[in-house]
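Undergrad: Sequence and predicted model, in that order:
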Amino acid sequence: MSATDVLVVADHRRGELRPVSYELLTVGRDLADAMGGDLHAAVVGGDVDRFAEKLDCEGVDAIHTVAEGDEFNHDVTVAAVTALFDTLDPGAVVMPNSVNGLDYAPAVATRLSLPLVTDAVAIDYDDGPTVTREMYGSKVETAIEVTSEPVALTIRGGEWAAAEGVGDADIEPFAVDIDESSIRSTVRGFEEVGAGDVDISEAEFIVSVGRGIEEEENLELIEELAGALDATLASSRPIVDSGWLPKNRQVGQSGKAVTPKVYLAIGISGAVQHVAGMKGADTIIAINTDPDAPIFDIADYGVVDDLFEVVPELIEQFE
Amino acid sequence: MKILVTVKEVAEVADDFEIEGRSIPETYLEYDLNEWDDYAVEAAVRIAEDREDEDVEVVAATIGPERSEETIRMALAKGVDRAVRVWDDALAEADVLDPTTTARILAAVAEEEAPDLVLSGVQAADDGFGATGVALADLLDMGWAAVVNDLELTDGDASVRRELEGGVEELTTVPCPAVLTIQTGINEPRYASLRGIRQAQRKELAVHTLADIGLDPSLVDDDLTLAGMAKPESESDATLFEGSAEETAAELATVLRDAGVGAE
Ligand SMILES: Cc1cc2nc3c(=O)[nH]c(=O)nc-3n(C[C@H](O)[C@H](O)[C@H](O)COP(=O)(O)OP(=O)(O)OC[C@H]3O[C@@H](n4cnc5c(N)ncnc54)[C@H](O)[C@@H]3O)c2cc1C
């Protein structure tokens, strides 16, 4: 009968639950309501008792703590989640589409032989789940119907509200028998990268450039604009990947989050991992040749035109 | 040593495109090697080049129609030794594949090849499932690491950096054989040389159906169905300036000055 229950798996790193954990509780509650079951949350590794207290938000029925290891290890997580799944027998397991989610969720699906839909931005339920996700760098939205249950899903961070309130979930330790030989990966530590002379997260005005700049030589044009505007130069990932700017200039999920008064995005499509780092800007301005570029969905002002035409004119305006 | 690289030809939609029913007509699509796979190919070819005294073979595996051979030849031109392409009427008819189904097909190829290392891209630029590599590892009962932006092979181990969120990297070791999903920035992919392109024409590109690799074509009838495709409702309330570059730049300048930019 518990095939109507939903199991969600929290995400944490270096002693902190990550925001997506609370969003998972919201997704899980909605889905459990639609399916007519209970919401179970799991947290694996780290300070599980403290995490469990924090996860005890309104609407959570049970929290299962697996005290194995201090930090995320995908082998441990897969073993714990699959064992919990076997015990609870829920109708859905929902995991984060975070970097760690990418590192364990597909293995949970294969090991349990569940259909898998990743990076959900919306989930409807009517006889079964229909998952909305994006394709072609957010230019197309698809609805994927899952025709068999139980199902494994991962959700995109930032798309659901965080769960709030204080609940009265049963918090129970869950013991997993982990076969040492199944632990193949060893996490040796963490390292911060991208420090340097400039801290773009402190900048008030940011001129940011993306792959639309085409060639390294053309960066000069954007540097000139940043100079004329007295703004800080930043970029999307491909510019850093190409070695044209140092890592500390990268805005986004794996780069830095910025919150300037003005963010001027030049030749940047607005991929979700980029937007994750700059959506908090007060005013977003985009210059892009593609009218369907997702950056225009979050921009306040925009010009659909060739940056090589507009930027020189803009420099002139400030000289 | 043998390295298997999974590669995919991905479609990119044109700046102006339409959706007809549940697909995008061919005229609006352009095809290219998946960006993340390009970095994986480069990583594999560099391992082979760095180990001159060892016999390292790099094999590319792809699932794709005949058209995709053009893209796969690019991988061959960059130094991949040979390629395997899987295609089938059943695949041609599928509108969406569960990423674990994709992984099952690639696993059948990998079982045949018995590689010491498998490299995949973190995700495909078109469908963005981001799940194939790790699913493949689990099916093959290999170790794995996802979102790898640095790789060193020593004594049968892969020492990697995993790029986490917010400028933090995780240092992890996993024993080989392993599957690593490769993130952009790990290297600088080379351009195919003219000589490479010529040589690629003579390299082996084997084509198999699902039955050829011991799979039942009904595998493709998985539990996912494409129920709809649409351009996202634009929530945009952006003010778009129109006119000549001079005019739009003047409008932008006003917005910028109002926000305090350029003020002394
Ligand atoms: C795990 C993971 C983490 C990631 N982390 C980050 C991150 O932290 N930051 C990040 O940025 N990305 C990140 N990415 C990559 C991200 O998915 C995109 O690939 C990237 O943001 C694209 O950068 P872009 O917009 O510069 O390039 P593209 O997407 O190629 O866009 C270029 C844009 O320029 C426009 N253009 C082209 N020519 C012109 C012209 N002459 N004038 C005007 N416009 C023009 C095009 O229309 C297009 O919209 C990550 C990806 C993954 C999988």
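TA: Ah, there it is. Numbers count the residues shown, from 1 in each chain, chains lettered A, B, ... in the order given.
Undergrad: what pLDDT, on average, does stretch A:127-139 get?
TA: What stretch A:127-139 shows for mean pLDDT is 95.
Undergrad: Surely residue B:16 and residue A:292 touch.
TA: Yes: Residue B:16 lies in contact with residue A:292 (CB atoms under 8 Å); the separation is 7.3 Å. Just so you know, the C-beta spots here come from the backbone N, C-alpha and C atoms, and that holds for glycine as well.
Undergrad: And those two? Which one has more around it.
TA: In this view residue B:16 and residue A:292 are compared by other CB atoms under 10 Å in any protein chain shown, and residue A:292 has more residues nearby, 21 against 9.
Undergrad: and that one, what does it touch?
TA: A:139, B:15-17, B:231 (CB atoms under 8 Å, 6 or more residues apart in numbering or on different chains).
Undergrad: mind redoing it with 6 Å?
TA: Applying CB atoms under 6 Å, 6 or more residues apart in numbering or on different chains to residue A:292 gives the contacts residue A:139.
Undergrad: isn't there a strand covering it?
TA: No: with DSSP: H, G, I helix; E, B strand; the rest coil as the criterion, residue A:292 is coil rather than part of a strand.
Undergrad: Per-residue pLDDT of it, please?
TA: Confidence score, pLDDT, at residue A:292: 90.
Undergrad: mind listing the strands for the stretch 51-200 of chain A?
TA: Under the criterion DSSP state E, counting those that start in this stretch, the stretch 51-200 of chain A carries strands at the ranges A:62-66, A:92-96, A:116-120, A:122-125, A:129-135, A:140-146, A:151-155, A:170-173, A:186-192.
Undergrad: Tell me the residues of the stretch 1-150 of chain B that contact the ligand?
TA: B:122-123, B:147 (CB under 6 Å from any ligand atom).
Undergrad: Phi, psi for the residue nearest the centre of chain A please.
TA: For chain A, the residue nearest the mean C-alpha position is residue A:157 (4.0 Å; CA atoms, centre = their mean). For residue A:157, the backbone dihedrals are phi -70, psi 150 (criterion: degrees, to the nearest 10).
Undergrad: any chance of the residues of the stretch 1-150 of chain B next to the ligand in JSON lines, plus neighbour count and distance to residue A:95?
TA: As requested, these are exported to JSON lines (neighbours: other CB atoms under 10 Å in any protein chain shown; distance: CB to CB, whole Å):
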{"residue": "B:122", "neighbour count": "27", "distance to residue A:95": "17"}
{"residue": "B:123", "neighbour count": "27", "distance to residue A:95": "16"}
{"residue": "B:147", "neighbour count": "28", "distance to residue A:95": "15"}
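Undergrad: Run through the chain and note the low-pLDDT ranges.
TA: With no chain named, the answer covers chain A. Along chain A, the model assigns pLDDT under 70 to residues A:1-2.
Undergrad: Can you look at chain B instead?
TA: Low-confidence segments of chain B (pLDDT under 70): B:263-264.
Undergrad: the strands in it, which residues?
TA: Applying DSSP state E to chain B gives strands spanning B:2-6, B:9-13, B:29-33, B:57-63, B:82-86, B:117-121, B:143-154, B:157-163, B:168-175, B:178-182, B:205-208, B:224-230, B:239-241.
Undergrad: can the shortest one be found next to the ligand?
TA: Think strand B:239-241. No: judged by CB under 6 Å from any ligand atom, strand B:239-241 stays clear of the ligand, getting no closer than 13.7 Å.
Undergrad: list the buried ones in that strand?
TA: B:240-241 (16 or more other CB atoms under 10 Å in any protein chain shown).
Undergrad: quick check, that strand touching chain A?
TA: Yes: contact of strand B:239-241 with chain A (CB under 6 Å from any CB of the partner chain) involves B:239-241.
Undergrad: With distance to residue A:65 added, can I get the residues of the stretch 1-150 of chain B next to the ligand in JSON lines?
TA: Converted to JSON lines, these look like this (distance: CB to CB, whole Å):
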{"residue": "B:122", "distance to residue A:65": "30"}
{"residue": "B:123", "distance to residue A:65": "31"}
{"residue": "B:147", "distance to residue A:65": "27"}
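Undergrad: Near chain A, which residues of the stretch 1-150 of chain B are found?
TA: Counting by CB under 6 Å from any CB, the stretch 1-150 of chain B sits next to chain A at B:13, B:15, B:98-100, B:126-127, B:129-131, B:134-135, B:138-139, B:143, B:146-147.
Undergrad: ok, which stretches of the chain are helices?
TA: All of this is about chain A. Taking DSSP state H, the helices of chain A run over residues A:20-35, A:48-55, A:74-88, A:99-112, A:219-229, A:237-241, A:272-275, A:295-298, A:307-317.
Undergrad: Can you look at chain B instead?
TA: Here chain B has its helices, by DSSP H, at B:35-50, B:69-77, B:89-93, B:99-113, B:132-140, B:194-200, B:245-258.
Undergrad: just the angle between the fifth one and strand B:2-6, please?
TA: Per axes from the mean of the first three to the mean of the last three CA atoms, to 10 degrees, the angle that helix B:132-140 makes with strand B:2-6 is 130 degrees.
Undergrad: What are the buried residues along helix B:132-140?
TA: Using 16+ other CB under 10 Å as the test for burial, helix B:132-140 gives B:132-140.
Undergrad: likewise the last one?
TA: Taking 16+ other CB under 10 Å as the neighbour-count basis, helix B:245-258 is seen to contain the buried residues B:245, B:248-253, B:255-256.
Undergrad: Looking at those, which one is closest to the ligand?
TA: Proximity of the buried residues of helix B:245-258 to the ligand (CB to the nearest ligand atom) peaks at residue B:245, which lies at 10.8 Å.
Undergrad: Return the residues in contact with the closest one.
TA: Residues near residue B:245 by CB under 6 Å, 6+ apart: A:309-310, A:313.
Undergrad: and it, how far is that from residue B:53?
TA: Distance of residue B:245 to residue B:53, given as CB to CB, to the nearest Å: 57 Å.
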